[in-house]
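K.L.:
The sequence and its predicted three-dimensional model are supplied below.
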Amino acid sequence: MIRYSLVAITFAGLLLRVVVANSNAKLTKDGALALCKLTDVADLVATKKADKIRKDTEGFADELKLWLDRLEHWLQTLETRAHSNNGYSKLSDADTKKVKEIYEKAKGKVSEQLPKAKEFGEEAGKRHQEVTEAAKRARGWGLDDEGQNSSGLHQLLEWYCGTKGDNANNQKCDGVKVKEHYLGRERNPIDCKGTGSTVPFYLDVTSGTMKEALENWERKKPKSDGEPVNNNWKADYDSATNKLKELEESHEKGKKTVNDVSGFYNAAYALHSGLSAGKPLSEVLVEAKEASRKGAKFTNPGGAAPETTHRGVGTSTGEGGATETTGGTSTTISTGTGTGTTSGTEPEVVGADADFGDLLETSDRSALSSKIKESKVILMAVLIPVAILAIITAVVLVFVRRRRGNAEDVIDEKGEAVSSPDKKGGATSPCYRKE
């Protein structure tokens with residue numbers, strides 16, 4: 001009896017192991033979602049994200065060129081300041097020299113970074129090509145009208161749950177929605193949208209995102225001792241991830257070339273803006289000094305319009321995707337001494353302090369004189385009305401008192417003065433008596 005019981009228990013254990021093994025060998029809904037995410041990420045890198053990073057990185061050199069053009073224009077404005085009707089026309093020869101040195105220093109610093117920005121832009125162009133090709137191979141292609149065979153991750157999507165006939169949800173898949181391929185061909189691809197997958201926003205995709213998507217798939221993919229899941233795409237996927245990381249590094253190096261001199265340009269822009277508005281140089285230099293510091297906000301005056309993106313609703317595996325629109329208006333500077341306005345994007349921030357030496361310093365006497373003048377104007381505006389009011393009040397009080405004194409006088413019939421007792425008693429005052 002005991003022997004039969006042991007046999008039954010052993011058989012039940014083996015049966016349970018078979019059931020668990022079969023369950024683990026199936027592609028579940030979570031596994032299908034991980035596979036769809038993996039395919040989407042590879043597709044977005046191949047079609048959008050890598051190209052976006054390349055354009056942005058190449059754009060840093062264009063940005064520095066724009067700054068140089070503007071600085072050159074402001075230097076020319078100094079030469080023709082006599083024809084201006086603003087703060088430039090009020091500059092003395094010494095002030096003009098000071099402003100010129102500031103513009104030239106900013107121009108020199110920006111010029112130093114331009115070759116580096118170009119180098120990193122070219123580097124990004126090469127790496128972009130490598131990323132795109134690897135990501136496309138990893139993503140693969142589906143069966144098309146020209147009879148091209150499916151490959152890469154698309155091959156998994158189209159064939160893992162596919163089978164002949166209508167019974168597409170076979171023993172390999174559990175709880176995964178499938179759809180009929182538009183060409184038929186005895187396959188039924190995984191329906192990513194129907195299973196619940198959504199396409200990530202392409203700007204959110206990074207090399208880190210690619211790595212996380214792969215790790216998620218490794219955790220949720222079918223576990224089987226039999227036929228392994230096709231991994232012919234993995235080498236290309238790993239290559240795309242590594243190449244994308246290198247492309248991101250090129251972008252960061254290009255961005256640094258701009259950040260390192262943004263304080264110089266921002267200070268020069270604050271100086272030009274203030275003088276163009278007719279402000280005195282002493283006041284403008286204070287604003288320029290604030291604008292040159294790390295963390296000061298500014299927005300590429302005159303540069304490209306900022307990009308505004310809107311997430312769209314898309315489907316998975318290349319059937320659609322997030323959409324974006326670009327637009328916006330140019331924005332104005334924002335320093336520590338004033339407020340700027342932005343439209344469509346947050347203002348950029350100065351990446352590093354700009355060392356102008358003492359060029360942005362104002363003389364203490366000049367600054368003190370300006371403060372004293374302002375204080376005098378405010379003081380006079382307050383004191384003059386108060387003084388006038390005090391004088392008027394004093395005159396009125398004197399007049400009222402004299403009227404009261406005259407009312408107390410007594411005159412007799414002859415017009416002679418007589419004394420009348422004082423109100424407080426004791427003292428007398430002369431009065432006139434009438435004869």
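P.N.:
Alright, I've got the coordinates. Just so it is clear, the model here is predicted, and its values are computed rather than measured.
K.L.:
Which residue is the nearest non-sequential neighbour of Gly263?
P.N.:
Once flanking residues are discounted, Gly263 sits nearest to Ala354: 3.1 Å by C-beta to C-beta, 6 or more residues apart in numbering. For glycine as for every other residue, the C-beta is placed from the backbone atoms N, C-alpha and C.
K.L.:
so that neighbour sits in a helix?
P.N.:
No: counting by DSSP: H, G, I helix; E, B strand; the rest coil, Ala354 is located in no helix; its state is coil.
K.L.:
Which per-residue confidence value corresponds to it?
P.N.:
Ala354 is assigned 85 on the pLDDT scale.
K.L.:
Could you do Val382 as well?
P.N.:
Confidence score, pLDDT, at Val382: 79.
K.L.:
Could you check how far it is from Val395?
P.N.:
The gap separating Val382 from Val395 is 22 Å, by C-beta to C-beta, to the nearest Å.
K.L.:
Please apply the same query to Gly254.
P.N.:
From Gly254 to Val395 the distance is 77 Å (C-beta to C-beta).
K.L.:
Just want to know which of these two has more residues nearby.
P.N.:
The neighbour count for Gly254 versus Val395, taken as other C-beta atoms under 10 Å, is higher for Gly254 (27 against 10).
K.L.:
continuing past the helix or strand where that one lies, what's the next helix or strand?
P.N.:
Element membership for Gly254 (DSSP states H and E) is helix 234-276. Sequence-wise, the next helix or strand downstream of helix 234-276 (DSSP H and E) is helix 281-291.
K.L.:
Next, the angle from that following helix to helix 234-276.
P.N.:
For helix 281-291 against helix 234-276, the angle by axes from the mean of the first three to the mean of the last three C-alpha atoms, to 10 degrees is 170 degrees.
K.L.:
Contact partners for Lys52?
P.N.:
202-203 (C-beta atoms under 8 Å, 6 or more residues apart in numbering).
K.L.:
Report the contact partners of the residue nearest to Gly263.
P.N.:
106, 109, 261, 263-264, 266-267, 292-293.
K.L.:
Looks to me like Arg293 is in a helix.
P.N.:
No: Arg293 is assigned coil when assessed by three-state DSSP, not a helix.
K.L.:
residues in contact with it?
P.N.:
263, 336, 350, 353-354.
K.L.:
Nearest to Glu215, out of these: which one, please.
P.N.:
Using C-beta to C-beta, Val350 is the member of the contacts of Arg293 that lies nearest Glu215, at 37.6 Å.
K.L.:
List phi and psi for Lys221.
P.N.:
With angles defined as degrees, to the nearest 10, Lys221 sits at phi -70, psi 160.
K.L.:
what about it, how many neighbours?
P.N.:
Count around Lys221 with other C-beta under 10 Å applied: 22.
K.L.:
The stretch 101-250 of the chain: helices as residue ranges?
P.N.:
Assigned by DSSP state H, counting those that start in this stretch, the helices in the stretch 101-250 of the chain fall at 152-159, 192-195, 207-220, 234-276.
K.L.:
Show me what the third one is packed against.
P.N.:
When contacts are defined as 3 or more C-beta pairs under 8 Å, 6 or more residues apart in numbering; DSSP states H and E, helix 207-220 sits against helix 29-44, helix 234-276.
K.L.:
What angle do helix 207-220 and the last one make with each other?
P.N.:
Read it as helix 234-276. Counting by the same axes, to 10 degrees, helix 234-276 points 150 degrees away from the direction of helix 207-220.
K.L.:
And for the first one?
P.N.:
Helix 29-44 and helix 207-220 meet at an angle of 150 degrees, taking the same axes, to 10 degrees as the criterion.
K.L.:
Looking at helix 29-44 now, give me its mean pLDDT.
P.N.:
94.
K.L.:
outside of that helix, which residues touch it?
P.N.:
27, 135-136, 138-139, 152-154, 156-157, 160, 173-176, 190, 192, 195-197, 199-200, 202, 205, 209-210, 213-214, 216-217, 219-222, 237, 240, 316-318, 321.
K.L.:
so which of the helices of the stretch 101-250 of the chain gets nearest Glu58?
P.N.:
Per C-beta to C-beta, nearest to Glu58 of the helices of the stretch 101-250 of the chain: helix 234-276, 8.0 Å.
K.L.:
State the mean pLDDT of that closest one.
P.N.:
95.
K.L.:
Does anything pack onto it? Which helices or strands?
P.N.:
helix 29-44, helix 50-79, helix 93-139, helix 207-220, helix 281-291, strand 297-298.
K.L.:
let's see 7 Å
P.N.:
If you count contacts as 3 or more C-beta pairs under 7 Å, 6 or more residues apart in numbering; DSSP states H and E, helix 234-276 packs onto helix 50-79, helix 93-139, helix 207-220, helix 281-291.
K.L.:
Which pLDDT value belongs to the closest residue to Lys256 other than its chain neighbours?
P.N.:
Of all residues not flanking Lys256 in the chain, Gly351 sits nearest, at 7.3 Å (C-beta to C-beta, 6+ apart). For Gly351, the pLDDT comes out at 81.
K.L.:
doesn't Val261 make contact with Gly351?
P.N.:
No: using C-beta atoms under 7 Å, Gly351 is not in contact with Val261, being 8.6 Å away.
K.L.:
who has more neighbours, these two?
P.N.:
Val261 (25 against 17).
K.L.:
so how far is Ala354 from that one?
P.N.:
Counting by C-beta to C-beta, the gap from Val261 to Ala354 is 7 Å.
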